[in-house]
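[1] build me a structure from this.
(one chain, ligands or ions: 1)
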Amino acid sequence: MKAKDFIPQSNLETINTGKVTWQSPSNIALVKYWGKKKNQIPANPSISFTLNNCKTITSLEFTRKKDSEQKGDLFDFEFYFEGQKKEDFKPKIYTFFERIEEYCPYLMDYKLIINSENSFPHSSGIASSASGMSALALCIMSLEKQLSSSISEDYFYKKASFLARLGSGSACRSVQGKLVVWGEHANIDGSSNLYGVEYPNKVHEVFENYQDTILLVDKGEKKVSSSVGHNLMHDHPFAEERFKQAHKNLAALKDIFKSGNLNDFIEIVESEALTLHAMMMSSKPYFILMKPNTLEIINKIWDFREATGLPVCFTLDAGANVHVLYPEKNKTEVFQFIEDKLLVYCEKNQFISDSIGLGSKKL
Ligand code: PMV
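    Below you'll find the model as predicted:
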């Protein structure tokens, strides 16, 4: 599909008022998206595990503006986060509405009230933009479905992911599926730069219910935002090689998902995490998002893996927190290790137990 296919038809139905609610999860990339082109087009393809417990619940109440009210040029909305009116979140949502205006012009005909809450602490350093933007995009699509009842389920989810991408790139991987690919890849059928698609090929049973224990090393605000980081990939001396490597790693993961070879899986996943941070450290200006405790944890994981042979590995997103990944069948031993050896490196011993989830859900 092309971007223009997401522009709605002009003969929409009239709905005066309503409310829709969606829950949408966060996701953790295995092959990382870092660097983008115009209009949130990724510089390389990525793939992620959808999470189950880290999620945002968002409701959208809409009331059609009266003819006497100003119409057609302004987005009229209120935003509440966990019950509190949040003026400071509004500019980000306003920018999102401006980006999607061409695809959702009907938004300007309504007064909107958005209520959002997270299942994880907002300041945990866990990316809430992926779950938040995908939940909001899905609510908008539920409104569109009421205005245009003939749209297909496939179109609904593709456009939800397309819109979520315009809010925050990685959010497009939080709409549907356990394992989601975003970005065109020669060996993955249906992959697109415009939206995420569920990974279409065979996945070995060892990845069923894969575990992700998120160690909260640093709950503070990030010093450098993802959007600044993505921009630093323009003119980055290693960018082209990195983008090629992501294509190669995704091709290799295709075989790994089929065979269930966890040694190869670990090598790619850890290398991707360290490469992401290496890109940050070699940008101009350079920056470091890992903390000393991030490295302590990585070293402890390597020691544990060597000593026990258990297939536990780490990945990182754009922050200091560590995602510890392992098969469900090793849960008891690995969790014991996390409790005994790793929680001491977390802020107030805090962590989130998560595992692969199915994607968003209408409530
Ligand atoms: O979606 P953004 O713009 O916040 O970028 C997220 C990038 C990483 O989390 C670092 C990697 C990824 O693919 O999710």
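[2] show me the strands in the stretch 251-363 of the chain, by range?
    313-316, 322-326, 351-355, 361-362 (DSSP state E, counting those that start in this stretch).
[3] go through the ones you listed and name the closest to Tyr195.
    strand 361-362 (18.4 Å; Cβ to Cβ). To be clear about C-beta, it is placed using only N, CA and C from the backbone, and glycine gets the same treatment.
[4] residue contacts, Ser129?
    167-168, 170-171, 226 (Cβ atoms under 8 Å, 6 or more residues apart in numbering).
[5] where do the helices of this protein begin and end?
    90-100, 128-147, 153-167, 226-231, 239-259, 262-281, 292-308, 331-337 (DSSP state H).
[6] isn't Asn201 right next to Lys258, touching?
    Yes: counting by Cβ atoms under 8 Å, Lys258 is a contact partner of Asn201 at 6.9 Å.
[7] check the helices of the chain for me and report the most buried one.
    Comparing these by mean neighbour count (mean count of other Cβ atoms under 10 Å), helix 128-147 ranks first with a mean of 25.
[8] CA atoms only: put that one into CSV for me.
    Coordinates of each C-alpha in helix 128-147 appear next as CSV, following Å, rounded to 0.1, in the frame of the first residue of the first chain:
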residue,chain,number,x,y,z
SER,A,128,5.8,4.9,26.7
SER,A,129,5.7,6.5,23.3
ALA,A,130,5.3,3.2,21.5
SER,A,131,2.4,2.0,23.6
GLY,A,132,0.9,5.5,24.0
MET,A,133,1.0,6.5,20.3
SER,A,134,-0.3,3.1,19.1
ALA,A,135,-3.2,3.1,21.6
LEU,A,136,-4.2,6.7,20.4
ALA,A,137,-3.8,5.7,16.8
LEU,A,138,-6.1,2.7,17.4
CYS,A,139,-8.7,4.9,19.1
ILE,A,140,-8.6,7.3,16.0
MET,A,141,-9.1,4.3,13.7
SER,A,142,-12.2,3.2,15.8
LEU,A,143,-13.6,6.6,15.2
GLU,A,144,-12.8,6.3,11.5
LYS,A,145,-14.5,2.9,11.4
GLN,A,146,-17.7,4.5,12.7
LEU,A,147,-17.5,7.2,10.0
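[9] so that helix versus helix 153-167, what angle?
    Comparing the axes of helix 128-147 and helix 153-167 via axes from the mean of the first three to the mean of the last three Cα atoms, to 10 degrees yields an angle of 140 degrees.
[10] can I get the helices of the chain in TSV including mean pLDDT and distance to the ligand?
    Listed next are those as TSV, based on pLDDT from 0 to 100; distance: least, Cβ to the nearest ligand atom, whole Å:
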stretch	mean pLDDT	distance to the ligand
helix 90-100	95	12
helix 128-147	96	5
helix 153-167	98	9
helix 226-231	94	4
helix 239-259	98	10
helix 262-281	98	6
helix 292-308	98	14
helix 331-337	98	23
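[11] burial measure for whichever residue of the stretch 51-200 of the chain sits closest to the ligand, as a count.
    The ligand sits closest to Ser170 of the stretch 51-200 of the chain, with a gap of 3.2 Å, by Cβ to the nearest ligand atom. By other Cβ atoms under 10 Å, the residues close to Ser170 number 28.
[12] distance from the chain centre to stretch 242-252, please.
    Distance of stretch 242-252 from its chain centroid, counting by Cα atoms, centre = their mean, to the nearest Å, is 19 Å.
[13] same question for stretch 61-79.
    For stretch 61-79, the gap between its own C-alpha mean and the chain's C-alpha mean amounts to 30 Å (Cα atoms, centre = their mean).
[14] same question for stretch 99-107.
    Distance, centroid of stretch 99-107 to centroid of chain: 22 Å (Cα atoms, centre = their mean).
[15] start to end distance for that stretch?
    For stretch 99-107, the first-to-last residue distance is 12 Å (Cα to Cα, to the nearest Å).
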